[in-house]
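In: What shape does this take:
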Amino acid sequence: MDKRLVWLALGTFAIGVEGFVIATLLPAISTDLGVSISQAGYLVFAYAIAYAIGSPVLSAVTGQFDRRALLAVVAVVFGSGALFAALSQGYGMLLLARVIIAACAGLYAATAQATAVSLAPVERRARAVSLVVAGTTMAVAFGAPIGALVSGVAGWRGTYFAIAVVGYLTAIAIWFMLPAGIKGDRRSIGERLAVLSVPGILPALLTILLYMVGPFAAFVYLGPITTKGMGLAPGLLPYVMLSFGVGAAIGNTLGGQLADRLGATRTVVFASVASAVMLVLLSAIPMLPAGVVGPVYFIFMFVWGVVAWTFLPAQVSRLVAMAPTSAPLALSLNASSLYLGTALGAVVGGQVIEQLGVNEIGLVAAAFPVLALLVLYASRPSRALQMPRLG
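Out: Residues are numbered from 1 along each chain as shown. Okay, the predicted model is just below:
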């Protein structure tokens, strides 16, 4: 293993912690800044939009830059954005801070993966990229729960101070551990978007967009779902996140294995159906006797983490198979579609809370994985007459 990749993964870890811990911070942010929980949810919407648009645009603009210098600078700006968030004195300042963080996150993730490819020999490039991406998996499984625990001790601002420190440490490590002179990708935005002309790519991107709306309509509002919907104490939020995160780490591995054995499209179908079922169950748990809601909810969160993250590696496999010669470009657009789905999920979940109540989020959210399935089915090859033959 090339130890230099570990320092690239440290950056994706910091990005992942910030991106996922926000779900446990929203109630505290809402109270501290005097906004409603749905307004606090727009912090996720702004982040996701900035990530989705900023990643391809900034990657094209900075494509000619030396990657070591670019990654170090982006890590510094990311850390400064987190510091700005920690010191923000109003909702507008925090919103701006999250936009800065998101733009850096998108550019860092794309550049770090491309750098991993450059550093690794041809036969080890897939493993190199997977190691960098593993930083995100570790962030979901362990980093975000730790961030939630920090929030319980030092407040949500303390969590952002900690994220800022990790961002600065990443910049220092990259500057000293990576070689200079790693060439960037000089392709324009138009050249990057040309992959959309590959048959099947557009429906695949719409599929992940719709799919992500469902889980994130609920996940973004994990705080009020846990405390108001399930009636659990706020101090249990880090452990709820840990349960989900461990499941997500397993699901990420399981999704790749299922895609290899059953086919990527079949795995996407399975994950979409299972996700819709889990979201319906989320709304059913509060109907159980009070004494069993807590244990059932923790088990649910673990299983939901497995199911939700099974989808992602299978989706990646589908895209790579569709555009093997343009895989990095296709995956960049996949990330943008993912975050657009996250943004819409934040809006949908917020509106459900305001109009229907927190316990109805799961029922509404379940419709979106079903819509993703309909797009998948409608875009199937004409020779595929039955669902079991997909993939």
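In: separation between the closest residue in space to A103 that isn't next to it in sequence and L107?
Out: The shortest distance from A103 to any residue other than its chain neighbours is 3.9 Å, reached at G54 (Cβ to Cβ, 6 or more residues apart in numbering). Where C-beta positions appear, they are placed from N, C-alpha and C, glycine not excepted. Look at G54 and L107: by Cβ to Cβ, to the nearest Å, they are 7 Å apart.
In: Which one's more surrounded, these two?
Out: Using other Cβ atoms under 10 Å, the more surrounded residue of G54 and L107 is L107, with 25 against 22.
In: Low-confidence bits of the stretch 151-300 of the chain, can you list those?
Out: 184-188 (pLDDT under 70).
In: just the helices in it please.
Out: 189-193, 201-219, 222-224, 237-262, 264-284, 290-322 (DSSP state H, counting those that start in this stretch).
In: before we move on, what about the stretch 1-150 of the chain?
Out: Using DSSP H, counting those that start in this stretch, helices in the stretch 1-150 of the chain cover 4-33, 37-61, 67-87, 91-119, 125-138, 144-177.
In: As a markdown table, these with distance to S332 would be great.
Out: Output for the helices of the stretch 1-150 of the chain, formatted as a markdown table (distance: least, Cβ to Cβ, whole Å):
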| stretch | distance to S332 |
| --- | --- |
| helix 4-33 | 15 |
| helix 37-61 | 6 |
| helix 67-87 | 15 |
| helix 91-119 | 6 |
| helix 125-138 | 13 |
| helix 144-177 | 21 |
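In: Where among the ones you listed is average confidence lowest?
Out: If you rank the helices of the stretch 1-150 of the chain by mean pLDDT, helix 125-138 sits at the bottom with a mean of 75.
In: Please put the alpha-carbon coordinates of that helix into CSV.
Out: Extracted in CSV, the C-alpha atoms of helix 125-138 (Å, rounded to 0.1, in the frame of the first residue of the first chain):
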residue,chain,number,x,y,z
ARG,A,125,-5.5,2.0,-9.5
ALA,A,126,-8.9,0.7,-8.4
ARG,A,127,-7.6,-0.2,-5.0
ALA,A,128,-5.9,3.2,-4.7
VAL,A,129,-9.2,5.0,-5.3
SER,A,130,-11.0,2.7,-2.9
LEU,A,131,-8.5,3.6,-0.2
VAL,A,132,-9.2,7.3,-0.7
VAL,A,133,-12.9,6.7,-0.7
ALA,A,134,-12.5,4.6,2.5
GLY,A,135,-12.0,7.9,4.3
THR,A,136,-15.6,8.7,3.7
THR,A,137,-16.7,5.3,4.9
MET,A,138,-14.7,5.7,8.1
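In: Could you chop this protein up by domain?
Out: Domain ranges of the chain: 1-186, 189-391, per automatic domain parsing.
In: hmm, who's touching stretch 348-356?
Out: 36-39, 41-42, 213, 216-218, 220-221, 224, 358, 360-361, 364-365, 368 (Cβ atoms under 8 Å, 6 or more residues apart in numbering).
In: Quick one: residues contacting the closest residue to G256 other than its chain neighbours.
Out: Leaving aside its sequence neighbours, G256 sits nearest to P313 (Cβ to Cβ, 6+ apart; 4.1 Å). By Cβ under 8 Å, 6+ apart, the contact set of P313 is 252, 255-256, 259.
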